[in-house]
Every structure is written in structure tokens, then in C-alpha cells.
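Trainee: Sequence and predicted structure are below.
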Amino acid sequence: MNFSKYKKSIIACVLALGIGVGGGYYFFGNPVTHQTTVKEQTKQTKPITDTRNTYVVQAAKESGPAVVGITTQVFQKDIFNRTIYAGEGVGSGALIDNDGHIVTNNHVVAGAKNGEVTVSLSNGSTVTGTVIGTDAQTDLAVVKIDPPKDIQPIKIGDSDSLQVGEPAIAIGNPLGLEFKGSVTSGVISALARTIDDQGQRFPLIQTDAAINPGNSGGALINADGELIGINSSKISKEGVEGMGFAIPINSAMTVVDSIIKNGKVVRPYIGVWAVDRQTAARNNVSYEGEGLLIVQLDANGPAAQAGLVEGDTIAQVDGKDISTLLELKEQIDAKSPGDTVLVSYTHNGKMKSTQLKLGQASSN
């Protein structure tokens, strides 16, 4: 099939697998930094009754101390190439271990001068944190602080065990540190959501627990107070309420562990630009067979070296049917650089299979 005249428009809609898939999760804009005075009333005149001591109260007490505020001073280059102060952003994060590692969103710490941020702890103190690694593809980052003596890291849950309808609780700093430690509750609205079929790296958790600017990077916890997701985005459209999204913690921890170990994310690399039927149709391109249409390859990448060419359609990876980019990313990301996968594809209308040795790509 001759689709060369459509390549530019198609490639504009897709990103390379293993080359650089940018985030696109409807990220929050710049956090609100206006000064608002909010008085905290924490005095308790009498013991809480069993009726009031709900799962939300108990979960918030369990996990609240591990949620922190992250303030980033952002600097940019002006037209004369001078570094100028561009403003300040505030987001959230969660302490995940006794070593002082904090998981947050990449867009919360992006642009931090010298990789330094200010971390506001739940006890009211502030410390300097160092950004030890980021990954724009998944919108995740890790900040390191010197662990305080009274550190209380959050318990890591299992996002693979989540059920639609079960309680979900968000803790973070909506609209800035004036509202730090705010708790909102709802339910798990849906699992395995796709809101950006080109840049998204893995399925997201959907919740109706209120997520607002400044909640980015904060904790989504279950009724047991366990971390099940990293709040990352919401759909902000007129008339749309209660549609927030979080990165599942099981997927996030794979990225976080790589950052802690290597200072960056090391992931397997296939070296193709590909589109599904829906994306191709939007560009007036049709193709025979099932799977993903390859519109361009890295000439030195694993796919090209294995014999795949432009116009082929990837149908299966290790026997699993592939119909979307997200499915292909999940299959590839489950492997390690150097692993071999069996790729079934259509070439000139005929089904073929080949062994493909995965390369290596990193977040830096």
C-alpha cells in the first residue's frame, strides 16, 4: 500500500514507541498561587464516636502524614538567552520509604532550578528536596529528602486488585499549600482508562474523588489507607464534573524503582512509529488486516533489523492480539532490554512472524 503522501500528517499524530512518547494526560495548568488564609481547627473536645470514625477518617490518619507539598521555582530563558524567574508552582507528593524518596508528577518538578525543590512536610516543617530523576512519558518523578526522624512513609497497595465502586480517597494540596492535606473521597469509577491514545503509556484509574490543581502528584488511597495511585490529571470541560485520573501504583512503581536505581527510566525499545485504525482513518488512510500500521521505522532499530518495513501491520506480540498503541506499549514495557519477543505481522497481505530482540531506551 502506498501511503507515503499521508506520512507527515500521520506522524504528526503519533510518537515513537521506545523513542519518546510524551505525556498527554490533560495536565493541570499553573497552580493557583494567590494567598488565602485558612485557619486549621484541629482541637478535639471529646473522643470521636464510632459513627464518625469512618473508613475515610481512619485512612486519612494512616496516610495523611506521608503526603507532602512540593514547591518549584521555575526559571526560563528570555529572548536574550538570559535566565529569568518565571514563577512558582505547587504540587503534591507521597513519601514511599524510610530513605526519604518521594513520588510525584514530572510536571510538578519540571523546570526546577538545579534540580532542587522545597518540600513541605505534614508536621509543618520545610526541607530542600533533590529531583533524582524524571520520566516525561509517564509523568512521574522522584524527589529525595533527608529523612526526618519521625518519617511515616505511606503503605504501598495493589492497584491490580482494585474493583469498580470501591472507595477511593485523594489527599493533596489543591490550589496550593494554603489548603495542604485536603482530603476528598469518592469511588473507583473505572479501570484501564485511555484518555490519550497516542502518548499514554499505560491505562489509568478513573475516580470521582475531587482532584484539583495542586493535587498533582498526590496520593490516591484505598479504604485501608494504602497508596493505589498517583493523582495526575482531570478532564476540565464545561459541564464535566468528577472525572479525575490517577496512575496505577503497580505501573508507577516500576518507573519509580528504575529512577531510584538508575537516575532514569530504562525501558525496552522497538523503534517504530505506528497508528491504529482510528488514527489512520482520521488521516484518510485505510489498510488491510488487523493491528497497527507501521508508518515509519528507526532504520537501525530492532523492528527494522528484524525485517519489518513501512506499510506492515503488527498483529500480535508473543501471541497477544495488538489493536491499539496502548496494548503494544504494555506488551513491550513488560519486557526488558535484550529480551526477544515474537512479532506477528502482515506484509503485502501475507501473515509473517519474526523474532525481535528489544533494544534499550531511557528517559534521559
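Mentor: Yes, it's here.
Trainee: what's the closest non-adjacent residue to S92?
Mentor: G218 (3.3 Å; Cβ to Cβ, 6 or more residues apart in numbering). Where C-beta positions appear, they are placed from N, C-alpha and C, glycine not excepted.
Trainee: Surely that neighbour is in contact with V67?
Mentor: Yes: assessed by Cβ atoms under 8 Å, G218 is found in contact with V67 at 5.9 Å.
Trainee: Looking at these two, which has the bigger crowd around it?
Mentor: G218 (32 against 29; other Cβ atoms under 10 Å).
Trainee: what about that one, distance to A112?
Mentor: 18 Å (Cβ to Cβ, to the nearest Å).
Trainee: now R82
Mentor: R82 is 18 Å from A112, where distance means Cβ to Cβ.
Trainee: higher neighbour count, those two?
Mentor: Shown here are R82 and A112; by other Cβ under 10 Å, A112 has more neighbours (23 against 9).
Trainee: Tell me what that one is bridged to.
Mentor: V74 (DSSP bridges).
Trainee: Could you report the separation of it from D298?
Mentor: Counting by Cβ to Cβ - A112 and D298 are separated by 31 Å.
Trainee: D318 now?
Mentor: D318 is 21 Å from D298, by Cβ to Cβ.
Trainee: ditto for G93
Mentor: On the measure of Cβ to Cβ, G93 and D298 end up 35 Å apart.
Trainee: More neighbours: those two, which one.
Mentor: Neighbour count, other Cβ under 10 Å: between G93 and D298, G93 has more, with 32 against 19.
Trainee: Isn't that one up against T118?
Mentor: No: using Cβ under 8 Å, G93 is not in contact with T118; the gap is 11.5 Å.
Trainee: Spit out the residues that contact G218 and V67 alike.
Mentor: S92, G93, A94, I171, G172 (Cβ atoms under 8 Å, 6 or more residues apart in numbering).
Trainee: Distance to G186 added to these, as JSON lines?
Mentor: Below are those laid out as JSON lines (distance: Cβ to Cβ, whole Å):
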{"residue": "S92", "distance to G186": "17"}
{"residue": "G93", "distance to G186": "21"}
{"residue": "A94", "distance to G186": "18"}
{"residue": "I171", "distance to G186": "13"}
{"residue": "G172", "distance to G186": "14"}
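Trainee: Now render the residues you listed as JSON lines, adding secondary structure.
Mentor: Formatted as JSON lines, these follow (DSSP: H, G, I helix; E, B strand; the rest coil):
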{"residue": "S92", "secondary structure": "strand"}
{"residue": "G93", "secondary structure": "strand"}
{"residue": "A94", "secondary structure": "strand"}
{"residue": "I171", "secondary structure": "strand"}
{"residue": "G172", "secondary structure": "strand"}
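Trainee: low-scoring pLDDT stretches of this structure, where are they?
Mentor: 1-45, 74-76, 83-87, 175-178, 196-201, 233-242, 288-289, 362-364 (pLDDT under 70).
Trainee: and the longest helix for it?
Mentor: If you go by DSSP state H, the chain has its longest helix at helix 249-262.
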